[in-house]
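K.L.:
Quick one: sequence plus predicted model below, questions after.
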Amino acid sequence: MFAKPLIVLASASPRRRELLDQIGVAHRVAAADVDETPLPGEEPEHYVLRLAEAKSWQVWQTAGDALPVLAADTAVVVDGEILGKPRDREHALAMLRRLSGRGHRVLTGVSLRAQQHWRASSDTSVRFRPLSDAEILAYWDSGEPCDKAGAYAIQGRAALFVERIEGSFSGVVGLPLFESAELMRKAGIPLLGGAAAIAGSSHLPVREDGRNIMEPR
Ligand SMILES: Cc1cn([C@H]2C[C@H](O)[C@@H](COP(=O)(O)OP(=O)(O)OP(=O)(O)O)O2)c(=O)[nH]c1=O
């Protein structure tokens, strides 16, 4: 028997589903379809939060069953530039060559929408060892890069490239579980049998009026 869903996950990403399963949050899925083009000069944290909010809003408007809606967006950032999912093979190879032998950041924005709106983000530093061109080509052939931000999956074979990570592993995979759980507790969604809000948390609720509200935190 399936557990009754507690939330709607506004995502087509199998990784996000698996991560929610990992912490035992029963959910149903309704994918959102939003334009992922960054605004001119947009800061990476603004970008991932804006897209996460747009995804949760789109599903909230159409879901109809009043369940809280959770959405996320992940971007790789190198030299201040946002790398999304690669368009094609050449784009993926160029991204991987750029990430080789240096550090980058992975940002994930999370939005949880019910009668109120809450949001959070994770910012993780990842360092790749130098990659040979043969390795990069073989990695493309593995099929892993094509639907991943930055053209890699830390939870897959790209684990072979990661020298160091500081921050949220689940955030890199696409849904920072610690931060998401804080938001879910605030919304009264029971986790491990409890539903109490976390005292002193820094995540502030966001006014609910349907617009993207991006005041600095
Ligand atoms: C960096 C990295 C990203 N990713 C994935 C997570 C996301 O699925 C994807 C980033 O693209 P997103 O646009 O964040 O998500 P999505 O289009 O896959 O899914 P949806 O919008 O429907 O929720 O990259 C990994 O799986 N592993 C990694 O190591």
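P.N.:
Yep, that arrived.
K.L.:
How about the contacts made by the closest residue to F161 other than its chain neighbours?
P.N.:
Leaving out its chain neighbours, the residue that sits closest to F161 by C-beta to C-beta, 6 or more residues apart in numbering is F128, at 4.6 Å. Where C-beta positions appear, they are placed from N, C-alpha and C, glycine not excepted. By C-beta atoms under 8 Å, 6 or more residues apart in numbering, F128 lies in contact with L99, S100, G101, R102, G103, H104, F161, V162, E163.
K.L.:
Mind checking if stretch 65-84 is in reach of the ligand?
P.N.:
Yes: using C-beta under 6 Å from any ligand atom, stretch 65-84 reaches the ligand at D73, T74, V76.
K.L.:
so where's this structure shaky on pLDDT?
P.N.:
Counting by pLDDT under 70, the chain contains low-confidence ranges at 1-2, 194-217.
K.L.:
Close to the ligand: what parts of it are there?
P.N.:
Listed as neighbours of the ligand in the chain under the rule C-beta under 6 Å from any ligand atom: 11-13, 15-16, 31, 36, 55, 73-74, 76, 85, 106, 147-150, 152-155, 172-174.
K.L.:
Can you give the contact residues for the lengthiest helix in the chain?
P.N.:
Longest helix in the chain, counting residues (DSSP state H): helix 44-63. Helix 44-63 is contacted from outside by 8, 10-11, 30, 32-34, 36, 38-39, 42, 69-75, 77, 80, 82, 105, 107-113, 117, 119, 121, 123, 210, 212-214, using C-beta under 8 Å, 6+ apart.
K.L.:
returning to that earlier point: among the residues of the chain next to the ligand, which are in helices?
P.N.:
Judged by DSSP H, helices contain the following of these: R15, R16, K55, V172, V173.
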